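Chemist: sequence first, predicted model second:
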Amino acid sequence: MAKSFVAPYLVPDSDAIEMQPWTLDMRGESTPLGAVVDNWVSGTDLNVSRGVTMNLDSVRQRCGLPEQSELGLVVTWMSDSSKIRRRVLTKQVLEPRNEVSVTLPGNEIGGTIRLSTSLILLADIDRPAPGTPHRRGSILYTDVISVVLEGEGSMFPMAVVDFDARPYDSRASWHVETSTDLDADFSSTFQVLVNEKDKPLIKAIESEKPNREQQALLDELSSGVMQVVLELAYAMKSLGDLAGGDFETGTVGDVLFSLIEQTGDVDLGDLSEPNQIGRRSSVFQGMARGLAAGRVF
């Protein structure tokens, strides 16, 4: 459903733009993306696509834009559980018919996802007429849907707690509760606990529109949490506990084994060797940042 959009400048008529329904590609099958994604497994990427058709002449004329003005499609998403917001696509519009295909990284999403598709100006307009959009990034049209991920729940549920009342270092900003019970449900045993004393981080998590500094804090939290879980996964692999990967979907074993596969099953040697601490730390940091950015190694 299109979200009503009110701009302080001219915008195109809604009938000049047709944003077709999103399609979900999951487990090799393409189905319409509904308001609820059932049986979603924590950590699983969402691959979605849609077609966007528009009458470019009508859009430009209605907005008072020059014939050669550059238009673009932008796709963004935000997860209410992870508080992460990403822009996953910026595509210049050159033809009336456009295909949009994006991936939402499974390690960052959970709960309710707000998925937005917007038509924007890609470049400033010199000497614009009164009332016309002219700034780069001006939104001419936007479509927003909300999708609830159900099944195994959010990959990393969060809670703000008093670290002084817990067996954690009160100077730490966050702590990840983990489990080595490979048959346990991942989403019910893994949790991110945020120190209530870290007000800037909490404000960033609660912000609907994080600023640059807040987004940096969220990115650091995301990659840091992922690094902890990756280190656990590889430690358990070194003990032989993840051999075979034959685990029930959504269990601790299933998620940890999947993370090892996504990062290329890196050979880290003997995890107990002290002289390898520096190398292991940099390798885990790189893998965690890659996963947090939606890349697969």
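Modeler: Happy to help now that I have it. From a predicted model like this one, the values you see are computed outputs, not experimental measurements.
Chemist: only C-alpha atoms for contact and neighbour calcs from this point on.
Modeler: Fine.
Chemist: quick one: contacts for residue 138?
Modeler: 120-121 (C-alpha atoms under 8 Å, 6 or more residues apart in numbering).
Chemist: roughly how far does it sit from residue 216?
Modeler: 24 Å (C-alpha to C-alpha, to the nearest Å).
Chemist: so residue 37 makes contact with residue 147?
Modeler: Yes - Residue 37 is within contact range of residue 147, at 7.0 Å (criterion: C-alpha atoms under 8 Å).
Chemist: regarding residue 188, what is its secondary structure?
Modeler: At residue 188, secondary structure determined by DSSP: H, G, I helix; E, B strand; the rest coil is helix.
Chemist: cool, and residue 30?
Modeler: Residue 30, by the three-state scheme (three-state DSSP), is strand.
Chemist: counting neighbours, what do you get for it?
Modeler: 13 (other C-alpha atoms under 10 Å).
Chemist: and it, what pLDDT?
Modeler: With respect to pLDDT, residue 30 scores 89.
Chemist: residues contacting it?
Modeler: So residue 30 contacts 23-24 (C-alpha under 8 Å, 6+ apart).
Chemist: redo that, cut-off 6 Å
Modeler: residue 24 (C-alpha atoms under 6 Å, 6 or more residues apart in numbering).
Chemist: okay, the closest residue to residue 51 other than its chain neighbours and residue 136: tell me how far apart.
Modeler: For residue 51, ignoring the flanking residues on the chain, the nearest one in space by C-alpha to C-alpha, 6 or more residues apart in numbering is residue 99 at 4.7 Å. The gap separating residue 99 from residue 136 is 22 Å, by C-alpha to C-alpha.
Chemist: who has more neighbours out of these two?
Modeler: Between residue 99 and residue 136, residue 136 has the larger neighbour count (other C-alpha under 10 Å), namely 14 against 11.
Chemist: which strand residues bridge residue 89?
Modeler: residue 75 (DSSP bridges).
Chemist: where's it relative to residue 139, distance?
Modeler: Applying C-alpha to C-alpha to residue 89 and residue 139 gives a distance of 15 Å.
Chemist: those two: who's more crowded?
Modeler: Shown here are residue 89 and residue 139; by other C-alpha under 10 Å, residue 139 has more neighbours (22 against 16).
Chemist: for stretch 259-276, the averaged confidence score.
Modeler: Here the average pLDDT along stretch 259-276 is 78.
Chemist: show the low-confidence segments of the stretch 101-250 of the chain, by residue range.
Modeler: Scanning the stretch 101-250 of the chain for pLDDT under 70 picks out 150-156, 208.
Chemist: try it again with 80
Modeler: Along the stretch 101-250 of the chain, segments meeting pLDDT under 80 span 106-108, 110-111, 150-158, 185, 187-188, 206-209, 244-245, 249-250.
Chemist: and the helices in it?
Modeler: 186-189, 199-206, 212-238 (DSSP state H, counting those that start in this stretch).
Chemist: what comes up buried for the last one?
Modeler: Spelled out, it's helix 212-238. 214-215, 217-219, 221-238 (16 or more other C-alpha atoms under 10 Å).
Chemist: please apply the same query to stretch 104-122.
Modeler: Residues 104-113, 115-122 are the ones in stretch 104-122 that count as buried (16+ other C-alpha under 10 Å).
Chemist: what sits up against that stretch?
Modeler: 43-46, 70-81, 136-149, 154, 294.
Chemist: centroid residue for the chain?
Modeler: residue 108 (4.5 Å; C-alpha atoms, centre = their mean).
Chemist: off-centre distance for stretch 85-105?
Modeler: 15 Å (C-alpha atoms, centre = their mean, to the nearest Å).
Chemist: and the end-to-end length of it?
Modeler: From start residue to end residue, stretch 85-105 stretches across 11 Å - C-alpha to C-alpha.
Chemist: good, we can wrap up now.
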